[in-house]
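[1] Predicted coordinates and the sequence they were generated for:
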Amino acid sequence: MDSSWFSILPPLVAIVLAIWTRQVYISLFLGIWIGWTVLAGGNPIQGLRESLDACIRVFQDEGNTKVIAFSAMVGALIAFTQRSGGVQGFIQWIQDRNLIQTRRGAQLLSWLIGVGIFVESSVTCLVNGSVCRPLFDRFRISREKLAYLCDATSAPICILIPLNAWGAYVSGLLSNEGASQPVQLMLQAIPFNFYALITLIVSFTLVMTGWDFGPMARAEKRAQDRGEVLRHGAEPLVAKEIVGMEPKPGLIPRAHNFLVPLVVLVLMMPIGLFITGKGHLTHGSGSTSVFWAVLAATGIAAIMYRFSGIMKTKELTDLFFKGFGGLIPLALLMVLAFAMGDLARQLHTGPFVASLATGLVHPSVVPALLFIIAGFIAFSTGTSFGTFAIMIPIAIPMAHQMGIQNPIVVAAVLGGGVFGDHCSPISDTTIISSMASASDHIDHVNTQLPYALSVAGISAILFLVTGLVTT
């Protein structure tokens, strides 16, 4: 099909419907349906059939399938470490040794946990909130501050490190756009990912200085002066199935039941990249590596718990499927995102948008423009992954056609997606951060927004300067 205005219809419909209905899954599928209806010559029945086939075809790519399977299996691993008492044991280990004695120390621990557990953003938020919530309450630190630190150190660190689920997902999208070494391209984009880098720096600075502004400053003053870690009348967002299931009755919580699987999960990523890259980490397969990592971590956990008498085989099997099912919505989102990216290539959306931009904007402003657009889409839809799937097939052809360096446009899209996801009230990481910290969700959004907008403004200026210097 020749490039035409119809090529931008599917992502445009998906964005508008997501803003209007707040239903990301339905909006993405309707966008896919409209796109395939266009390709079917306007026949909606044929378009529906092709849409369903397109979602199934996602699994023909083994890289896509491995990333989707990883996303669901992380749920099983989380369930294992919670039910075995591992997470609770780790919390007790921290508290029993009295390692944290000041407000700054409690917040620094939260920041370090967020940065150190970079495999998957939901895991980061859950562990951070579970471990640090009792400490924050003890030192009269607001729940809003904990929620902010959970959020500010989850997606930003995950998008900067290719050796995790986020890296595998983005690597797959870049491969689909013809990148021969996607991991290397992601590494080259890191210095330009201004939003993620500055967010980590700002959050660390706030921890070390104790300085806050806006609604967060008022929340912290309330907690310190009156000991109210929650605003009067606040409604903490708590869901047992998200925050964490209770350990099995009668168990003695032990930290190693959590730490061993987690260490295996983290270490297997570079090992997998080394093996699949035949000795070169940057040439390895991200999708294969994350799949091996979660399989190894889950398998080691199951063996540990079975032979230590914590759980029987049937318990492990039932718990595996319970945890697996808990993250099926995330896996489904990835299926739709991959299908939308494939549709954009079928419709030549990227080249068409690039041809329009060539005549309307100077190449120097494109990185800043991509950052702002990606941020708007992610904020509206609540998903950075969906934003990456829509924007990367557009950004890469634009870079080629307008003579812009690939790492810069990739960083603009990734940074914008994280920014929008960071502030959106319907984002999964925003919601999970509120749940893990037992904070009022709207209070978390309101106190975090000034920080996110400030960093985004600085990032947009830096992308503009970078565009002016490099084009």
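    Structure received.
[2] give me the low-pLDDT residue ranges for the stretch 201-350 of the chain?
    The model of the stretch 201-350 of the chain has pLDDT under 70 over residues 237-244, 282, 330, 350.
[3] Look up how far residue 125 lies from residue 437.
    Residue 437 sits 8 Å away from residue 125, going by Cβ to Cβ, to the nearest Å. C-beta coordinates here come from the backbone N, C-alpha and C atoms, glycine included.
[4] Just the mean pLDDT for stretch 167-179, thanks.
    Stretch 167-179 carries an average pLDDT of 83.
[5] Need the per-residue pLDDT for residue 105.
    For residue 105, the model assigns a pLDDT of 92.
[6] Give the burial count for it, as a bare number.
    Around residue 105 there are 14 other residues, counting by other Cβ atoms under 10 Å.
[7] Could you check which helix or strand contains residue 251?
    Following DSSP states H and E, one finds residue 251 outside all helices and strands.
[8] Surely it and residue 87 touch.
    No. The pair residue 251 and residue 87 does not pass the contact test of Cβ atoms under 8 Å, sitting 11.9 Å apart.
[9] higher neighbour count, these two?
    Neighbour count, other Cβ under 10 Å: between residue 251 and residue 87, residue 87 has more, with 25 against 19.
[10] Go through the helix or strand hosting that one and flag the buried ones.
    Element membership for residue 87 (DSSP H and E) is helix 86-96. Under the neighbour-count criterion of 16 or more other Cβ atoms under 10 Å, helix 86-96 has 86-94 buried.
[11] May I see those arranged in JSON lines, with pLDDT as well?
    Output for those, formatted as JSON lines (pLDDT from 0 to 100):
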{"residue": "86", "pLDDT": "87"}
{"residue": "87", "pLDDT": "78"}
{"residue": "88", "pLDDT": "82"}
{"residue": "89", "pLDDT": "89"}
{"residue": "90", "pLDDT": "83"}
{"residue": "91", "pLDDT": "77"}
{"residue": "92", "pLDDT": "83"}
{"residue": "93", "pLDDT": "86"}
{"residue": "94", "pLDDT": "78"}
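[12] list residues touching both of residue 437 and residue 125?
    The overlap between the contact sets of residue 437 and residue 125 (Cβ atoms under 8 Å, 6 or more residues apart in numbering) consists of residue 150.
[13] Kindly list the longest helix within the protein.
    helix 441-470 (DSSP state H).
[14] what's near enough to touch residue 344?
    Contact analysis of residue 344 by Cβ under 8 Å, 6+ apart lists 7, 10-11, 350, 390, 393-394.
[15] quick one: what helix or strand has it in it?
    Assessed by DSSP H and E, residue 344 sits inside helix 328-346.
[16] same deal with residue 379?
    Using DSSP H and E, residue 379 maps to helix 366-381.
[17] by contact count, what packs against that helix?
    Helices and strands touching helix 366-381, by 3 or more Cβ pairs under 8 Å, 6 or more residues apart in numbering; DSSP states H and E, are helix 9-21, helix 384-402, helix 406-423, helix 441-470.
[18] let's see 10 Å
    Taking 3 or more Cβ pairs under 10 Å, 6 or more residues apart in numbering; DSSP states H and E as contact, the helices and strands that helix 366-381 lies on are helix 9-21, helix 24-39, helix 194-209, helix 349-360, helix 384-402, helix 406-423, helix 441-470.
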